[in-house]
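> here is my input, please return the structure:
(2 chains)
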Amino acid sequence: MRLIWKLLRKHISIFELSVFFVANLIGMVVILGGIQVYSDIKPLVAGDNALIGNDYVVISKPVKRLNSKTSFSVDEIKELKAQDFTLRLGEFTPAQYKVYGGLNIGGQGFSTYLFFEAIPDEFVDVKSKEWKFQKAKHRVPIIIPRNYLNLYNFGFSQTSEQLPQITESMMKDLELDLTLSGGNRSDKFKGKVVGFTDRLNTILVPQEFIEWSNKRYAKHEEVEISRLILEVENPSDPKLLDYFEVHGYVAEDKPAESNKALFLLQLGVGVIIGIGLLFSILSLIILTLSIYLLLQKNIDKLRTLIQIGYKPATVATPYNAIAIILNASIIALSLWLISKARAIYIGFLAETTGREIEGGMTVTLIAGLTLMVCFIIFNLSIIRHKIVQISKRQ
Amino acid sequence: MSNIILTGVIPEIFADRKDLKSDVWNTDLRFEQGKTYLIEADSGTGKSSLCSYIYGLRGDYRGKIELDGHNIKRFSTNKWCDVRQSQISILFQDLRLFGELTAMENIQIKHRLSKIHNKRIITAWFEQLGIADKINTRIDHMSYGQQQRVALIRALCQRFNFLVLDEPISHLDDRNSDIMRDIILAEVSRQGAALITTSIGKHMNIDYDKRLSL
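Residues are numbered from 1 along each chain as shown, chains lettered A, B, ... in the order given. Below you'll find the model as predicted:
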């Protein structure tokens, strides 16, 4: 192999290979960086487990006067379900009893009346293993809107020197003392925040818990549904807007905003990844041409080697080695650069948003390795094609 | 017993010539392992074409060439690699050595495919052919006659049933030509192979089994 290498390394242009290396490195860093930034930012914009693609709309009836009826009738819900724009529909079940919650932060006690609601699990955008009511232990998992925490951090905590700012993970470690009362009963429960939602503007508990507790503490059995969540393809669909208008329903716009942000993020990252791909494809063309040129310059030697009994696969080995080493080192280097850059921006991101960035580089790693394999397969196949062409009888 | 059979073979460019008188073209011809053949020809009669056809480098002929009963036009690239590694060895008229490699490296690059000889034999051939001092000299720094001898050694560095030599002594004096003949005959007989050699006048002094006029 040493002699083959000695024979064929002539004409290898360090300049051409360097151009390819740099161009492809830039392309790779842009593509993989885009993927990494996207996977880091997406949870901030879209919630822990937001379903990409479809949107959610929460609707209710406006309060017009004191004691006006704002609940949905069974027929109204049935009609809504039958509409084309409705993919799925979920009902908000409110707690029909009093909830008193207490919290201890840094030695400071907090207590207030609370209000619980539940929706079917498939509409909850936070997935947690703890999302289960433990009746025996009197423990209730709770999901709160993310902006409640912001309200605390930038409101209460700013105005009181004794109250520290708290992060999401600190919040998850705290226990709430809950007192549920109604129907001549009063019981103590422990509440635990298991996640934060961007989609739902309410304090959520599991549906199972609401059903159980309403039976236990509620004065009347009829549960009135005042809010509905709809999964729709497009929240700006004119048919949907007309329908709401005619029936006098109001959509809460918060989730749509977050989906808009997600859309902008996807668009931005899409453009970045597109540019990265363009770079990589151009660099791949440079490498392809460079290898073709190299093979062309060595064509007589390659032909002679095959004529004295060498197999095309053996003759291709040095070129395959160049392609594999180049592509592998480009991926390794770009992943390294991204991990370094990420270490810097992640701290900045956590600081500005007050939230912890979960997850790692797995997606980027998989994307990088997939691209590397594709590039190598492409390079190897053009080398093979050219050498087979050379070895054909004239 | 290995053989090469030519049936009505004629180069495409000669196909329309009616006046062609040849012992090779457009006849039935059989090369058998263990025999020696001399193909004599004037320039331009297709001597190198014949070598290229037999060795699978070109396919611009009519008729059929069979190696051990198999039509060589159907051979795949990899099959040809096997044939060129263990059945047919050739000394090209234009030598086809690698100019930037030394004489010994040119031999090694071929010999590593089969490794049939020990280094002592190869060095002995260099000595017998008077180019021992050129072993580590780059090919492009050697004369054509010296290169021709290196190319011969390379051709001997593999297993073969047929050794095809295209004008092997065109640039050699009589003394070197005789030395080359002795080496060739010894190796051909050791391997039990056939020798097919071409010439445009000057040829090695051998008692050929068959002399053909192209």
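> what's the average pLDDT for the longest strand seen in chain B?
Of all the segments of type strand in chain B, defined by DSSP state E, the longest one is strand B:3-11. Averaged over strand B:3-11, pLDDT sits at 95.
> packing partners for the very next helix or strand once past that strand?
Remark: after strand B:3-11, the chain's next helix or strand is strand B:28-32, criterion DSSP states H and E. Using 3 or more C-beta pairs under 8 Å, 6 or more residues apart in numbering or on different chains; DSSP states H and E, the elements in contact with strand B:28-32 are strand B:3-11, strand B:194-199. C-betas here are computed from N, CA, C, even on glycine.
> got the residues of chain A near chain B?
Neighbours of chain B within chain A, by C-beta under 8 Å from any C-beta of the partner chain: A:3-4, A:6-7, A:10, A:301, A:304-312, A:388, A:391-394.
> can you get me a residue count around residue 2?
Went with chain A since none was named. Neighbour count of residue A:2, defined by other C-beta atoms under 10 Å in any protein chain shown: 10.
> not quite, I wanted chain B
Other residues near residue B:2 come to 17 when the count uses other C-beta under 10 Å.
> if any of the residues of chain A next to chain B are buried, put those into a PyMOL selection.
Buried subset of those, written as a PyMOL selection, criterion 16 or more other C-beta atoms under 10 Å in any protein chain shown:
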select buried, chain A and resi 3+4+7+301+304+305+306+307+308+309+310+311+312+391+393
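> just the ones of the residues of chain A next to chain B in helices?
Members of the residues of chain A next to chain B lying in helices (criterion: DSSP state H): A:3, A:4, A:6, A:7, A:301, A:304, A:305, A:306, A:307, A:312, A:388, A:391.
> name the nearest residue to the third one, ignoring sequence neighbours.
This means residue A:6. Excluding its sequence neighbours, the residue lying closest to residue A:6 (C-beta to C-beta, 6 or more residues apart in numbering or on different chains) is residue B:101, at 7.0 Å.
> wait, that neighbour sits on residue A:5?
No - the pair residue B:101 / residue A:5 is not scored as a contact, 11.6 Å apart, by C-beta atoms under 8 Å.
> low-scoring stretches of the stretch 251-394 of chain A, by residue?
Across the stretch 251-394 of chain A, the ranges flagged by pLDDT under 70 are A:253-260, A:353-356, A:394.
> of all of it, which residue lies closest to chain B?
Using C-beta to the nearest C-beta, the single residue of the stretch 251-394 of chain A nearest to chain B is residue A:309, 4.0 Å away.
> isn't that residue up against residue B:110?
Yes - assessed by C-beta under 8 Å, residue A:309 is found in contact with residue B:110 at 7.3 Å.
> what sits in contact with each of those two?
residue B:158 (C-beta atoms under 8 Å, 6 or more residues apart in numbering or on different chains).
> roughly how far out does stretch B:3-21 sit from the chain middle?
20 Å (C-alpha atoms, centre = their mean, to the nearest Å).
> do stretch B:134-141 and chain A come into contact?
No - contact of stretch B:134-141 with chain A (C-beta under 8 Å from any C-beta) is absent, the minimum separation being 11.5 Å.
> mind saving the C-alpha coords of that stretch as PDB?
Extracted C-alpha coordinates of stretch B:134-141, given in PDB (Å, rounded to 0.1, in the frame of the first residue of the first chain):
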ATOM      1  CA  LYS B 134      20.300   0.400 -10.900                       C
ATOM      2  CA  ILE B 135      18.100  -1.300  -8.400                       C
ATOM      3  CA  ASN B 136      17.400   1.900  -6.500                       C
ATOM      4  CA  THR B 137      17.500   4.200  -9.500                       C
ATOM      5  CA  ARG B 138      14.300   5.900 -10.600                       C
ATOM      6  CA  ILE B 139      12.900   4.400 -13.800                       C
ATOM      7  CA  ASP B 140      12.800   7.800 -15.600                       C
ATOM      8  CA  HIS B 141      16.600   8.100 -15.000                       C
END
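> what mean pLDDT does it have?
96.
> picking that back up, now do the residue nearest to residue A:6 against residue A:15, distance only.
25 Å (C-beta to C-beta, to the nearest Å).
> of these two, who's got more company?
residue B:101 (19 against 8).
> so who does that one touch?
A:3, A:6, A:7, B:109, B:138, B:139.
> could I get those residues as JSON lines with distance to residue A:180?
Below are the contacts of residue B:101 laid out as JSON lines (distance: C-beta to C-beta, whole Å):
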{"residue": "A:3", "distance to residue A:180": "85"}
{"residue": "A:6", "distance to residue A:180": "84"}
{"residue": "A:7", "distance to residue A:180": "85"}
{"residue": "B:109", "distance to residue A:180": "88"}
{"residue": "B:138", "distance to residue A:180": "95"}
{"residue": "B:139", "distance to residue A:180": "96"}
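> so residue A:164 belongs to a helix, correct?
No - counting by DSSP: H, G, I helix; E, B strand; the rest coil, residue A:164 is not part of a helix but coil.
> cool, thanks, signing off.
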